[in-house]
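# model this:
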Amino acid sequence: MYSTLRPLLFRLDAERAHRWTLKLLSAAHQLGILQLMLPHAGSGPGSGAVELMGLTFPNRVGLAAGYDKNAACVDALGMLGFGFIEVGTVTPRPQPGNARPRIFRIPEAQAVVNRMGFPNEGVAALCARLRLRRFRGVCGVNIGKNAATPLEQAQADYAACLRAVYPYADYVAVNVSSPNTAGLRELQREGRLAPLLESLLETRSQLAQEHGRHVPLLVKLSPDLSDEELAATAAVIGKLRVEGVIATNTTIRRPSVPDRDGAREAGGLSGAPLLELAVAAVRKLRAELGAEVPIIGVGGIGSAPDALQMRAAGADLVQVYTGLVYRGPRLVRELSEL
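Residues are numbered from 1 along each chain as shown. Model (predicted):
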């Protein structure tokens, strides 16, 4: 079905096409069409289940943050066969994000450039939807700061999101690596990352007592960090015993991308050209963190060989986004069988 729909969707502006994709998925789920087409999807853990961070992942394939920013389509997306879904990035207050147009396809490179800037309806709206979800896989929430919040006050934004989503999230990912919110990537630096994570871990400890449940905390990193910066960041993560790492976000570089059209736009590049950078980051992080810290590998995965390459570099789980745009649900089924 997606092979029929894709040419129609690609005639639309990329952001509009994405909105329509979510609407079509949601409608198909509400009408029971997805359940008829995919009767065994979303049925819970099977033989491919993985235990990590105290969570049971039905399989190793997840949907990366950014696809369902407002948790509006979790149950429908779960029917596609994902073992886990990460919603967000969500901020404490609603915000429109950057000016449009802000998503640009590069079909010949199987890539996308975006400069979204965390557009979302705010954490209260996201929590209201997560409260009603029926998806039986793992659901993570990716949190960030509002664009108007100065870096010096970022801790308060992240803490507000953590408190709000704690009852509904299976894990929480701290996004300090998007290139589309001014200054945000500075929070990856050792001097800023350590106090931010220390504050969040203290808040998490209080919430764990209040709610009687432990929610793992992960950090999402950039592919544009040098080996030295990755090593310093890994040292902070290891010292503070943060439960996991997501590697990587989009890149501001343009590796193996034709110098025309969307490639010239400002923003983060995702899709096939990102794979090499993401795999290198995962390999470096695995070497620094050892075998104990779970790593979710994301960036450029569009096929089973791509996923196997990411796993060989040290990723315990993988996520997709741009690959789903170009390949459709078939990609999820293909990867979940690995």
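# keeping just the C-alphas, turn the helix ranked longest in the chain into PDB.
If you go by DSSP state H, the chain has its longest helix at helix 190-211. Provided in PDB are the C-alpha atoms of helix 190-211 (Å, rounded to 0.1, in the frame of the first residue of the first chain):
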ATOM      1  CA  GLU A 190      31.100  18.300  29.900                       C
ATOM      2  CA  GLY A 191      30.800  21.500  32.000                       C
ATOM      3  CA  ARG A 192      27.100  21.900  31.200                       C
ATOM      4  CA  LEU A 193      26.100  18.200  30.800                       C
ATOM      5  CA  ALA A 194      27.200  17.000  34.200                       C
ATOM      6  CA  PRO A 195      25.200  19.600  36.300                       C
ATOM      7  CA  LEU A 196      22.100  19.100  34.000                       C
ATOM      8  CA  LEU A 197      22.200  15.300  34.400                       C
ATOM      9  CA  GLU A 198      23.000  15.500  38.200                       C
ATOM     10  CA  SER A 199      19.900  17.700  38.600                       C
ATOM     11  CA  LEU A 200      17.700  15.400  36.600                       C
ATOM     12  CA  LEU A 201      18.900  12.300  38.400                       C
ATOM     13  CA  GLU A 202      18.100  13.900  41.700                       C
ATOM     14  CA  THR A 203      14.600  14.800  40.400                       C
ATOM     15  CA  ARG A 204      14.200  11.300  39.100                       C
ATOM     16  CA  SER A 205      15.100   9.900  42.500                       C
ATOM     17  CA  GLN A 206      12.400  11.900  44.100                       C
ATOM     18  CA  LEU A 207       9.900  10.900  41.400                       C
ATOM     19  CA  ALA A 208      10.700   7.200  41.800                       C
ATOM     20  CA  GLN A 209       9.800   7.400  45.500                       C
ATOM     21  CA  GLU A 210       6.600   9.300  44.800                       C
ATOM     22  CA  HIS A 211       5.400   7.000  42.000                       C
END
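# now do it: which elements does it pack against?
On a contact count with 3 or more CB pairs under 8 Å, 6 or more residues apart in numbering; DSSP states H and E, helix 190-211 meets helix 154-165, strand 171-175, strand 217-221, helix 227-240. Where C-beta positions appear, they are placed from N, C-alpha and C, glycine not excepted.
# buried residues, the last one. List them.
Yep, that's helix 227-240 we're talking about. 229, 230, 232, 233, 234, 236, 237 (16 or more other CB atoms under 10 Å).
# okay if I get those as a markdown table plus distance to residue 110 and pLDDT?
Output for the buried residues of helix 227-240, formatted as a markdown table (distance: CB to CB, whole Å; pLDDT from 0 to 100):
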| residue | distance to residue 110 | pLDDT |
| --- | --- | --- |
| 229 | 28 | 95 |
| 230 | 26 | 96 |
| 232 | 32 | 96 |
| 233 | 29 | 96 |
| 234 | 30 | 97 |
| 236 | 34 | 97 |
| 237 | 31 | 97 |
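# now do the helices in the stretch 1-150 of the chain.
Using DSSP state H, counting those that start in this stretch, the helices of the stretch 1-150 of the chain run over residues 2-9, 14-30, 33-37, 74-78, 123-130.
# what is the rounded mean pLDDT of the third one?
Confidence for helix 33-37, expressed as mean pLDDT, is 78.
# so which residues make contact with that helix?
Contacts to helix 33-37, defined as CB atoms under 8 Å, 6 or more residues apart in numbering, come from residues 1, 25, 28, 29, 41, 76, 79.
# that older thread, make CSV from the helices and strands packed on helix 190-211 and add distance to residue 16 to it.
Below are the helices and strands packed on helix 190-211 laid out as CSV (distance: least, CB to CB, whole Å):
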stretch, distance to residue 16
helix 154-165, 28
strand 171-175, 25
strand 217-221, 27
helix 227-240, 36
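# coming back round to it: could the contacts of helix 33-37 be laid out in TSV, adding neighbour count, distance to residue 303 and pLDDT?
Shown next, in TSV, are these (neighbours: other CB atoms under 10 Å; distance: CB to CB, whole Å; pLDDT from 0 to 100):
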residue	neighbour count	distance to residue 303	pLDDT
1	12	20	71
25	21	22	92
28	18	25	89
29	19	26	90
41	19	20	57
76	22	24	95
79	22	22	92
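# need those in JSON lines with distance to residue 177, can you?
Listed next are the contacts of helix 33-37 as JSON lines, based on distance: CB to CB, whole Å:
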{"residue": "1", "distance to residue 177": "34"}
{"residue": "25", "distance to residue 177": "27"}
{"residue": "28", "distance to residue 177": "33"}
{"residue": "29", "distance to residue 177": "31"}
{"residue": "41", "distance to residue 177": "31"}
{"residue": "76", "distance to residue 177": "28"}
{"residue": "79", "distance to residue 177": "29"}
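# among the residues you listed, which one sits closest to residue 302?
For those, the minimum distance to residue 302 (CB to CB) is 18.9 Å, reached by residue 1.
# how much space separates the closest one from residue 328?
Distance, residue 1 to residue 328, by CB to CB, to the nearest Å: 8 Å.
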